[in-house]
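Novice: Got a predicted model here, sequence first, then my questions.
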Amino acid sequence: AREFQEIQGFETKSIHTADPRSEVFGSLTVPLYMTSTYVFPNAETGGARFAGEEPGMIYSRIANPTVEVLEKAMAELEGAEAGLAFGSGMGAISAVLIAMIKSGDHILCSDGLYGCTYGLLTMLKEKFGVQFDLVDMADMERVRAAMRPETKVVYVETPINPTLKVVDLQAVADIAHAGGAQLVVDNTFMTPYLQQPLQHGADVVVHSATKYLGGHGDLIAGVAVGRKAFLDELRFSTLKDIGAVMAPMEAWLILRGIKTLSLRMERHCENAKKVAEFLHQHPKVTNVYFPGDENHPQKDLIARQMRGSGGMIAFEVETLEGGRTLMNSVRLAQLAVSLGEATTLIQHPASMTHAVVPADVRRDEMGIADGLVRLSVGLEHPQDIIADLEQALAKIS
Ligand SMILES: CSC/C=C(/NCc1c(COP(=O)(O)O)cnc(C)c1O)C(=O)O
């Protein structure tokens with residue numbers, strides 16, 4: 001992409017991501033390179049490219065021109081040296097963790113993680129002897145106490161999926177680095193428009209691009225950004241050899257999605273604030289967890305670390321039965337897992353996205369109540385979203 005040194009605006013960078021001078025016709029949008037492999041001009045060049053002595057395309061599991069534009073765009077937006085694209089968020093997370101740890105190492109995690117991330121850590125523990133612990137990162141003494149000599153990675157989601165607790169990245173980064181560990185942050189719920197973890201001490205940022213980055217619920221993909229040396233290592237080891245690559249079509253769709261990322265995140269935040277205010281005052285809603293609340297207990301940290309609330313809300317109604325009635329009664333919001341797209345989505349973490357987490361860990365360590373409901377507030381008119389929730393809540397006896 002052309003160097004936009006002088007441009008500061010996130011909005012501008014998210015639109016002018018690609019070099020508009022395509023190689024052949026000058027197309028304004030990025031060409032879609034639907035190709036598995038690339039023709040070498042001669043045998044010597046082919047060998048030189050495999051040896052890393054010459055730049056150039058070899059095979060789309062290693063690099064693809066459309067995917068590379070997205071990788072560069074994500075690095076630019078997160079303020080990273082380099083980016084790498086994967087076939088899913090879990091593809092990015094597994095490649096990064098596997099590159100960072102070996103048997104006998106320890107991973108220290110925030111006390112809440114996406115269910116399949118917990119599932120991956122469990123697999124690494126049971127099959128490869130990689131230890132991991134969850135710790136309440138609201139208390140830095142506890143974080144320090146939980147660090148071990150063999151802790152190689154501190155892994156954080158903030159806001160946490162699904163409790164929306166916020167973690168102080170710089171404070172955790174300082175402890176991780178003092179203990180010789182790297183800080184990996186899953187920035188899916190925020191996107192670089194609302195939060196840039198690398199500016200708060202993180203070493204690597206991972207995303208499920210399936211969510212807000214693609215923004216339209218029509219793809220599964222992942223991204224990792226960080227230092228070029230580490231990302232190059234990933235590209236030629238855990239990406240090339242485990243192979244969770246992103247397809248060029250997905251990269252093309254995500255490039256299209258991030259052009260409106262700033263607009264969509266502003267509207268997701270605005271809508272979520274209105275929906276949270278409605279839920280707070282509703283008699284049948286017992287708890288509301290929303291980073292955009294005026295009197296949020298972590299307000300100062302949120303103001304320091306996040307540009308906005310994000311579009312996610314977690315809340316409880318009195319009983320699990322009530323939660324089920326609510327989810328079965330919405331008409332505009334859709335009862336579906338995933339998040340970060342134009343449609344408002346509602347789901348039940350305990351029996352869906354976090355069902356893979358053992359009940360005692362889910363309840364006691366992650367603080368996920370059985371009655372917790374998670375809402376991904378979409379881009380519909382906020383009054384329509386609220387009216388839908390109101391009629392569904394009214395169905396709870
Ligand atoms: C089957 S549940 C649907 C998926 C949900 N989340 C995904 C997710 C991933 C993994 O990203 P993919 O591999 O692209 O799905 C990584 N990191 C975070 C914070 C995530 O929320 C979900 O509904 O909470």
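Specialist: Structure's in. What do you need?
Novice: now residue 57, nearest residue through space, not along the chain?
Specialist: Using CB to CB, 6 or more residues apart in numbering and skipping residues adjacent in sequence, the residue nearest residue 57 is residue 38, 3.9 Å away. Yep, even glycine has a C-beta here, placed from its N, CA and C like the rest.
Novice: Check the burial of the one you found by counting its neighbours.
Specialist: 17 (other CB atoms under 10 Å).
Novice: Isn't it up against residue 61?
Specialist: No - when contacts are counted by CB atoms under 8 Å, residue 38 is not listed as touching residue 61 (11.7 Å).
Novice: Leaving out chain neighbours, which residue sits closest to the closest residue to the ligand within the stretch 101-250 of the chain?
Specialist: Relative to the ligand, the nearest point of the stretch 101-250 of the chain is residue 208 (3.0 Å; CB to the nearest ligand atom). Once flanking residues are discounted, residue 208 sits nearest to residue 89: 2.7 Å by CB to CB, 6+ apart.
Novice: Now do the helices in the stretch 201-350 of the chain.
Specialist: Secondary structure of the stretch 201-350 of the chain (DSSP state H, counting those that start in this stretch): helices at 228-234, 240-242, 248-258, 261-281, 299-305, 320-329.
Novice: Check which helices and strands the second one sits against.
Specialist: With contacts defined as 3 or more CB pairs under 8 Å, 6 or more residues apart in numbering; DSSP states H and E, the secondary structure elements packing on helix 240-242 are helix 89-100.
Novice: which other residues reach the helix it packs on?
Specialist: Helix 89-100 has contacts (CB atoms under 8 Å, 6 or more residues apart in numbering) with 84, 86, 107, 114, 116-117, 120-121, 124, 152-153, 155, 182, 184, 186, 188, 204, 206-211, 221-224, 230, 233-234, 237-239, 242, 244-245.
Novice: Just the residues you listed: which are in strands?
Specialist: Among those, the members falling in strands (DSSP state E) are 84, 86, 107, 152-153, 155, 182, 184, 186, 204, 206-208, 222-224.
Novice: my read: residue 301 touches residue 168, true?
Specialist: Yes - at 5.4 Å, residue 301 counts as touching residue 168 under the criterion of CB under 8 Å.
Novice: how many neighbours does the residue of the stretch 101-250 of the chain closest to the ligand have?
Specialist: 30.
Novice: bridging residues for it?
Specialist: Under DSSP bridges, the beta-bridge partners of residue 208 are residue 222.
Novice: got the contact list for the residue nearest in space to the middle of the chain?
Specialist: Among the residues of the chain, the one closest to the centroid is residue 188, at 1.9 Å (CA atoms, centre = their mean). For residue 188, the contact set (CB under 8 Å, 6+ apart) comprises 89, 114, 157, 161, 206, 207, 208, 211, 212, 340.
Novice: Including distance to residue 141 and pLDDT, could these go into a markdown table?
Specialist: Shown next, in a markdown table, are the contacts of residue 188 (distance: CB to CB, whole Å; pLDDT from 0 to 100):
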| residue | distance to residue 141 | pLDDT |
| --- | --- | --- |
| 89 | 31 | 98 |
| 114 | 26 | 98 |
| 157 | 21 | 98 |
| 161 | 25 | 98 |
| 206 | 27 | 98 |
| 207 | 31 | 98 |
| 208 | 31 | 98 |
| 211 | 33 | 98 |
| 212 | 34 | 98 |
| 340 | 34 | 98 |
